[in-house]
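[1] build me a structure from this.
(one chain, ligands or ions: 1)
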Amino acid sequence: MTVTPDHSAPAAATGMPAAKAPAPDTSAITVRGLAKSYRSGGRGVVNALAPVSFTVGDGEFVCLVGPSGCGKSTLLKILAGILKPSSGEYRIHKQGGAVADCQIGLVFQSPVLLPWRTVLQNTMLPADALELDRDAMRQRALQLLDMVGLKGFEQSYPSELSGGMQQRCSITRALLHDPPILLMDEPFGALDAMTRDIMNSELQRIRLESGKTIFLITHSISEAVFLADRILVMSARPGRIVDEVIPDLPDRGSLDVMTTPQFGVAVHRIRKLLGIDVRNRPNVD
Ligand code: ADP
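    Numbering: from 1, shown residues only. I've put the predicted structure just below:
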């Protein structure tokens, strides 16, 4: 992961009187003017991401919604250190200090499991890579697998699982070492609707209990409204953030909140921002 250094010159070095110090940036994720263009053989230069700027507070759950192809995955890959931006900068911090790569949990659209390792062994990968206490991590892995409904499949290989089960395994792997920051790219996109509801509830529960900072990309408006404290709405490519929506929900923990008028208000607002034609508009304006 690239953590952008502070490029500003200290006052003593410039000979100028010290200006009033700006308020310290306590955000977990700070993004300033991040943009990305690809050089593509067939299409010349593709402007995937217009300059975007935003922050994610410590312990905040922020979702980014936008149409397919607007640059959401590009943004997440930059934050995960997989892609270099064309311009702009970002910082990922925890309580004011830069975080190590191992303190970030990553979940992508496809599960990326190692086919020669069992479900339990795949979940244990961070324990092996970070040389953590194997017994304690094994206990935690078994608990997490139970939580996501994979109890009984610990010794199965990925090829023996459905796509949804593989994705649940990749989520347990991201959570194993209890990272304070999670970056998630459409983690539930391949799941059937029922499993997706269960996983959304579990993620919300984990977040409410642990206070993790989560940045999640989705193109499901209702998923974003259910999960997030704040939703960043992105335009079509090149993606730029057009506005943010803060749902005012009575209860974050239960799927029942999806039937409340406040939930409908937030969904309707996002649809409007995305320019989706809502023929039977609820009377919520
Ligand atoms: P999203 O995640 O919102 O669906 P992406 O970030 O995957 O969007 O892609 C944004 C745009 O960038 C798309 O038009 C896509 O075709 C293009 N793109 C993504 N990756 C590459 C690449 N490696 N080379 C060229 N174009 C790319």
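[2] can we go C-alpha only for contacts and neighbour counts from here?
    Noted.
[3] got the buried residues for the lengthiest helix in the chain?
    Longest helix in the chain by number of residues, with DSSP state H as the criterion: helix 193-210. Judged by neighbour count using 16 or more other CA atoms under 10 Å, the buried positions of helix 193-210 are 195-197, 199-201, 203-205, 207.
[4] next SSE downstream of it?
    Using DSSP states H and E, the next helix or strand after helix 193-210 towards the C-terminus is strand 213-218.
[5] with just CA atoms, put that following strand into PDB.
    This file holds the C-alpha atoms of strand 213-218, laid out as PDB (Å, rounded to 0.1, in the frame of the first residue of the first chain):
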ATOM      1  CA  THR A 213     -13.600   1.400   9.600                       C
ATOM      2  CA  ILE A 214     -15.200   0.000   6.500                       C
ATOM      3  CA  PHE A 215     -15.100   1.300   2.900                       C
ATOM      4  CA  LEU A 216     -17.300  -0.800   0.700                       C
ATOM      5  CA  ILE A 217     -18.100  -0.500  -3.000                       C
ATOM      6  CA  THR A 218     -21.400  -1.800  -4.300                       C
END
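[6] which non-adjacent residue is nearest Ser110?
    Excluding its sequence neighbours, the residue lying closest to Ser110 (CA to CA, 6 or more residues apart in numbering) is Gln167, at 6.9 Å.
[7] ok, the one you found - contacts?
    110-111, 187-188, 191 (CA atoms under 8 Å, 6 or more residues apart in numbering).
[8] how much space between Asp146 and Arg168?
    11 Å (CA to CA, to the nearest Å).
[9] give me the distance between stretch 79-97 and the centre of its chain.
    How far stretch 79-97 lies from its chain's middle: 13 Å, per CA atoms, centre = their mean, to the nearest Å.
[10] count of residues packed around the nearest residue to Tyr157 once chain neighbours are set aside?
    Closest residue in space to Tyr157, ignoring its immediate chain neighbours: Thr118 at 4.5 Å, by CA to CA, 6+ apart. As a burial measure, Thr118 scores 19 neighbours (other CA atoms under 10 Å).
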